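Undergrad: could you look at this predicted model? Sequence included:
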Amino acid sequence: MLEKYKSNLKELRLDAGLTLDELAEATGLGKRTIITIENDAGANPSVGTVKRLLAYFEISFEELYP
């Protein structure tokens, strides 16, 4: 069985002072996609989605999924 990881996305977004709408607009991701990644430990975002988030926040994968 695969382990399910919860991301730090919500904390990163709030620390940056961003709303869901602002992050969605800045990254080109859907608001619903962001909500799912923030709240669902079983979320399975695409590699492209993760890369957009890593690039936007200028962080490593390990910082997004500790």
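TA: Nice, I can see it. Numbers count the residues shown, from 1 in each chain.

Undergrad: what ranges does this structure have for its strands?
TA: In the chain, no strands are found when defined by DSSP state E.

Undergrad: show me the shaky parts of it.
TA: 1-3 (pLDDT under 70).

Undergrad: tell me, what residue is most central in it?
TA: Centroid check for the chain by Cα atoms, centre = their mean gives Leu9 as the closest residue, at 4.2 Å.

Undergrad: my read: it touches Leu64, true?
TA: Yes: judged on Cβ atoms under 8 Å, Leu9 makes contact with Leu64 at a distance of 6.6 Å. Heads up, the C-betas are built off the backbone N, CA and C, glycines and all.

Undergrad: which neighbours do these two share?
TA: Listed as contacting both Leu9 and Leu64 by Cβ atoms under 8 Å, 6 or more residues apart in numbering are Leu53.

Undergrad: residues in contact with Leu64?
TA: Ser7, Asn8, Leu9, Leu12, Val50, Leu53, Leu54, Phe57.

Undergrad: from Val50, how far off is it?
TA: 7 Å (Cβ to Cβ, to the nearest Å).

Undergrad: about what we covered before: buried ones among the contacts of Leu64?
TA: Neighbour counting over these (16 or more other Cβ atoms under 10 Å) leaves Ser7, Asn8, Leu9, Leu12, Val50, Leu53, Phe57 as the buried ones.

Undergrad: hmm, back to that, for the contacts of Leu64, which one is nearest Leu29?
TA: Leu53 (7.7 Å; Cβ to Cβ).

Undergrad: right, and the closest one touches Thr27 too?
TA: Yes: if you go by Cβ under 8 Å, Leu53 and Thr27 touch, sitting 6.5 Å apart.
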